[in-house]
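K.L.:
all I have is the shape, not the residue letters:
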């Protein structure tokens, strides 16, 4: 099983993402944390462009941002670059 090097000094916004083909599930889909929500959105949108459609195992088909302080889903998006602020 793959392990992730997430800094244990979690920031306010947690970014989860993955592919439909190989979802990790739960905390294994936690990729990064950010102080600002805009930084998290910018990061994942740039990452989607960088990865593109190289393979179904690396694709970012879905992503979610959770606000850690209240543990609530605040933004979610898909592979098309569109997202919704909840």
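P.N.:
Here it is on my side, so go on. Values in this document were obtained by computation on a predicted structure and should not be read as measured data.
K.L.:
the helices in this structure, which residues?
P.N.:
Along the chain, the segments classed as helices by DSSP state H run 37-51.
K.L.:
so, low pLDDT: which residues of it?
P.N.:
The model of the chain has pLDDT under 70 over residues 1-8, 22-24, 53-57.
K.L.:
apply 80 and report the result again.
P.N.:
Scanning the chain for pLDDT under 80 picks out the ranges 1-8, 21-26, 52-58.
K.L.:
now residue 75. Nearest residue, chain neighbours left out?
P.N.:
residue 65 (4.2 Å; CB to CB, 6 or more residues apart in numbering). Where you see a C-beta, it was placed from the backbone N, CA and C, and this is true even at glycine.
K.L.:
quick check, the one you found in contact with residue 73.
P.N.:
Yes - when contacts are counted by CB atoms under 8 Å, residue 65 is listed as touching residue 73 (7.5 Å).
K.L.:
who has more neighbours, those two?
P.N.:
More crowded of residue 65 and residue 73, by other CB atoms under 10 Å: residue 65, with 27 against 12.
K.L.:
ok, the residue lying closest to residue 58 once chain neighbours are set aside to residue 60 distance?
P.N.:
Closest residue to residue 58 apart from its sequence neighbours, by CB to CB, 6+ apart: residue 51 at 5.3 Å. Going from residue 51 to residue 60 by CB to CB, to the nearest Å gives 6 Å.
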